[in-house]
Every structure is written in structure tokens, then in C-alpha cells.
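In: sequence and predicted structure, then a few things I'm wondering about:
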Amino acid sequence: MSVNKPKAVAGITIPDSALAKQATELLLEHGTEFIYNHSLRVFVFASLNGSSRKLQYDPELLYVSAVFHDLGLTPHYSSADKRFEVDGANAARDFLKGHGLPPSSLQLVWDSIALHTTIGVAEYKEPEVALLYSGVGLDVMGEGYQELSEENREAIVKQFPRNGFKKNIIPTFFDGFKHKTDTTFGNIKADVCAFMIPGFKRKNFCDCILQSPWSE
């Protein structure tokens, strides 16, 4: 898959460093056009949020986080037993480690990706983590939609089309972890399994307590 990546969208500069280019190449190689457009929209939404909130953040690390955040759904990066968020976070960490980035940067990107679906936690962490979470929330669930100008919405979607996103994102999620549905225990992706699998039986936290091996 080849795309013509713009230099800027909605006033947000798209990182074009060697690191950013190589990350994008991995997304194009192992992802899909659908995931590519989603990931780039997430970066722009997150960056606009960072600008409006006047946050200090590293655009390159935010970009790499956005590029890798759903690569754990793809066959190349998907493990047999880990949450897809962790698979993507591990892939990004390995990628950045190969470029000699410091441990603090590796951890920041890992947290950004691993926690991007963790409601009630990610938004209170470092700016890169909180911004990636906000970008995902805006693209997937429309959180903050009214705060985004119509002009910016149109510019972003024109450059990175949604292409039936609302209809296609749920099966896209499911395809990424249908072989390991137990990894959705305790997180919002269990809702995807319940939507896609008739009669899906969720693992229940209270059952885990009551059925523990403790005698009392």
C-alpha cells in the first residue's frame, strides 16, 4: 500500500523525520489503508487537542504512538495471549529501542499505546498518553466532536477518509483478537466480543473472587 502523506493537515505538521518515516512504512507494510487513515486522524486530533490545551508534548513520540497504537491488531504483530494494546506497545518499544531512544521515551510510548483504551486512567497520565487517548476517543466514539471546528473536521476527513468507519471498526477490532478473546477480560473490548459472538459468555470478576482456591 502506498499513500501520499501530507506535510500538514488542519494546521498540524505531520512529522517527517527518519524515525517517523520508518514508523509510517511499517504501518503501510503491515496495516491496512483503513488502519492507516484512522491512525493519522488520531494523531491530528490528538495534536489539535494538545494545542488547544497548550500542553508541552513531543510530536514525534506522539506520532509513533499513533502509528503503532492499532498495529497489535494485525497478524504480523499479534501475539497468541496478550492484549492487542500490549502487542502494539511492545512493537513500538522494540522499534524505538533499535533507534537508540532513551528508556524514558520507550516507556512513554509504551504507556501511550498500552493504555489507549483504558478509560479513567490514561487521561490523567503524561501529555502524550492523555493526548493519544483523546485522539482515539474522538475518532472512535466522537468524544470532543463539538469542540473540533467544522473546517478542521472536513480537512482531516478529506485527507484521511473514514470510509464507513462506524460500520467497519468493530469487525476490524474483532479480527485482531478473535483468537484470544480472554484478553478482553476487564476491558472495553469485551463489548466487541459480545457484539460479534452470539451468546458470548464474559469472564466475570465476581466469579473470579468467589471461585478462587481460598478455602474461606
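Out: Sure, I can see it. Numbering: from 1, shown residues only.
In: and the closest residue to residue 160 other than its chain neighbours, how many neighbours?
Out: Once flanking residues are discounted, residue 160 sits nearest to residue 37: 4.1 Å by C-beta to C-beta, 6 or more residues apart in numbering. C-beta here means a position set from N, CA and C on the backbone, and glycine is covered the same way. Residue 37: 21 surrounding residues under other C-beta atoms under 10 Å.
In: which residues sit in contact with residue 37?
Out: Residue 37 makes contacts with 160-163, as judged by C-beta atoms under 8 Å, 6 or more residues apart in numbering.
In: what's the first helix or strand after the strand or helix carrying it?
Out: Here residue 37, judged by DSSP states H and E, is contained in helix 33-52. Sequence order places helix 59-68 as the next helix or strand after helix 33-52, per DSSP H and E.
In: so what's the residue sitting nearest the centre point of the chain up against?
Out: In the chain, the C-alpha nearest the mean C-alpha coordinate belongs to residue 69, at 3.3 Å (C-alpha atoms, centre = their mean). Contact partners of residue 69, counting by C-beta under 8 Å, 6+ apart, are 39, 42, 85, 88, 112-113, 116, 132, 136.
In: just these: which are in helices?
Out: 39, 42, 85, 88, 112-113, 132, 136 (DSSP state H).
In: which pLDDT value belongs to residue 57?
Out: pLDDT, residue 57: 98.
In: follow-up on the earlier one: just send the contacts of residue 69 back as JSON lines, with distance to residue 21, pLDDT and neighbour count too.
Out: Shown next, in JSON lines, are the contacts of residue 69 (distance: C-beta to C-beta, whole Å; pLDDT from 0 to 100; neighbours: other C-beta atoms under 10 Å):
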{"residue": "39", "distance to residue 21": "15", "pLDDT": "98", "neighbour count": "25"}
{"residue": "42", "distance to residue 21": "18", "pLDDT": "98", "neighbour count": "29"}
{"residue": "85", "distance to residue 21": "24", "pLDDT": "98", "neighbour count": "22"}
{"residue": "88", "distance to residue 21": "19", "pLDDT": "98", "neighbour count": "29"}
{"residue": "112", "distance to residue 21": "20", "pLDDT": "98", "neighbour count": "30"}
{"residue": "113", "distance to residue 21": "19", "pLDDT": "98", "neighbour count": "30"}
{"residue": "116", "distance to residue 21": "23", "pLDDT": "98", "neighbour count": "24"}
{"residue": "132", "distance to residue 21": "20", "pLDDT": "98", "neighbour count": "30"}
{"residue": "136", "distance to residue 21": "23", "pLDDT": "98", "neighbour count": "23"}
